[in-house]
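Novice: no FASTA, just this:
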């Protein structure tokens with residue numbers, strides 16, 4: 001009897017549960033309707049003036065480089081500088097043994113003095129013979145010999161002066177001075193070393209580090225593209241628009257001083273198809289060192305009506321062609337192919353495919369596809385729906 005009563009109760013409870021489910025289903029069906037369109041964030045395209053820049057890699061080089069080389073042969077007696085320090089032009093760097101060159105200089109001066117001492121006697125003799133020749137007291141041959149001796153003595157004096165000057169120059173070259181001001185590197189020769197005039201290795205090298213040269217390479221294809229865009233009127237170049245050249249160091253930090261473009265080479269490197277651009281940068285604190293790898297940012301011109309689209313709103317098809325999704329006026333999504341020029345910050349510069357007023361989707365693209373109707377919300381504005389759940393009341397309390 002108890003088993004029969006429990007079975008009846010289970011049947012009744014099951015019937016009540018089934019009826020509740022049916023009622024809830026009917027109630028939800030009565031309240032439901034078509035789901036709302038998905039929400040996407042869009043950016044409205046507008047034209048704005050943008051400077052057109054290009055980034056080129058390159059290396060630094062010293063403004064002036066001078067290799068200190070001996071101009072006479074001899075033994076180095078003394079070195080007067082500290083390696084790695086700044087030296088000034090004319091500062092004494094090395095002293096070569098000058099005893100031999102001093103002797104040659106003294107000998108040349110003595111020879112010149114001997115010739116000058118004979119000059120007065122020969123001049124007086126030639127003058128007397130000239131007077132006697134007029135009176136026919138001496139022969140013509142005697143006068144000609146005296147005149148020739150005078151010319152010989154004058155020539156000896158000129159030769160002696162040249163010898164003295166050459167000996168003086170060689171003696172002066174035994175003291176080696178800095179040809180330019182700058183930072184001197186290590187010394188390749190020590191005291192007591194024999195140096196010669198035509199040796200291949202310099203004694204030391206001086207480099208002037210302020211200002212500094214920056215040499216970058218630009219492909220000829222890039223130059224042709226720039227000229228074509230200028231002819232098409234995509235941007236303009238003027239002295240007012242062009243600014244200084246910026247520099248990005250190896251640690252990706254921007255160099256605090258701007259430089260200027262000095263010249264563009266006209267010879268194309270056949271191995272790379274590029275030309276050299278040389279910039280000049282001030283280097284008052286010695287941050288730039290010769291041979292550093294850097295990147296330069298050069299302003300090519302100014303685009304007054306540039307169309308920029310955020311990079312997160314640009315996609316590529318399986319072939320790599322760029323496209324974007326826009327929301328039309330009727331709320332449907334359209335796919336538009338793009339032609340991109342370059343990246344400017346976190347956006348792409350678009351040359352064709354978009355027009356002012358187009359609404360480009362930048363968020364919510366994973367849940368939509370072309371042809372769908374969506375709700376466009378300006379990028380950065382939060383949804384109006386409050387997704388926070390209400391906290392249930394504790395037992396024994398009412399809300």
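Specialist: Sure, I can see it. Keep in mind that what you see is a predicted model, and the values were worked out from it rather than measured.

Novice: Name the residue closest to the centre of the chain, please.
Specialist: The geometric centre of the chain, computed from its C-alpha atoms, lies nearest to residue 296 (CA atoms, centre = their mean), at 3.5 Å.

Novice: Please spell out which residues along the strand or helix carrying that residue are buried.
Specialist: Element membership for residue 296, per DSSP states H and E: strand 293-310. In terms of neighbour count (16 or more other CB atoms under 10 Å), strand 293-310 has its buried residues at 294-303, 306-310. Yep, even glycine has a C-beta here, placed from its N, CA and C like the rest.

Novice: same check, this time on stretch 79-94
Specialist: In stretch 79-94, counting by 16+ other CB under 10 Å, buried: 79, 81, 86, 87, 93, 94.

Novice: Run through the strands of the stretch 201-350 of the chain in chain order.
Specialist: 204-219, 246-248, 260-264, 274-281, 293-310, 315-316, 322-327, 333-337, 339-344, 347-352 (DSSP state E, counting those that start in this stretch).

Novice: mind checking how far the second one is from the chain centre?
Specialist: When distances are taken as CA atoms, centre = their mean, to the nearest Å, strand 246-248 is centred 6 Å away from the chain's centroid.

Novice: Can you give the contact residues for that strand?
Specialist: 55, 214, 254, 255, 257, 258, 259, 281, 294, 295, 296, 297 (CB atoms under 8 Å, 6 or more residues apart in numbering).

Novice: re earlier: deepest in the core, which of the strands of the stretch 201-350 of the chain is it.
Specialist: strand 322-327 (a mean of 21; mean count of other CB atoms under 10 Å).

Novice: what about residue 36, how many residues close to it?
Specialist: 8 (other CB atoms under 10 Å).

Novice: And it, how far from residue 373?
Specialist: For residue 36, the distance to residue 373 equals 10 Å [CB to CB, to the nearest Å].

Novice: What of residue 134?
Specialist: For residue 134, the distance to residue 373 - CB to CB - is 130 Å.

Novice: before we move on, what about residue 180?
Specialist: For residue 180, the distance to residue 373 - CB to CB - is 74 Å.

Novice: pull the helix or strand with minimum mean pLDDT from the chain.
Specialist: helix 2-31 (a mean of 48; mean pLDDT, DSSP states H and E).

Novice: Residue 374: what's it in contact with?
Specialist: 37, 38, 39, 40, 327, 331, 332, 333, 361, 364, 368.

Novice: let's see it at 10 Å
Specialist: Contact partners of residue 374, counting by CB atoms under 10 Å, 6 or more residues apart in numbering, are 37-40, 42, 325, 327, 331-333, 361, 364, 367-368.

Novice: That'll do, ta.
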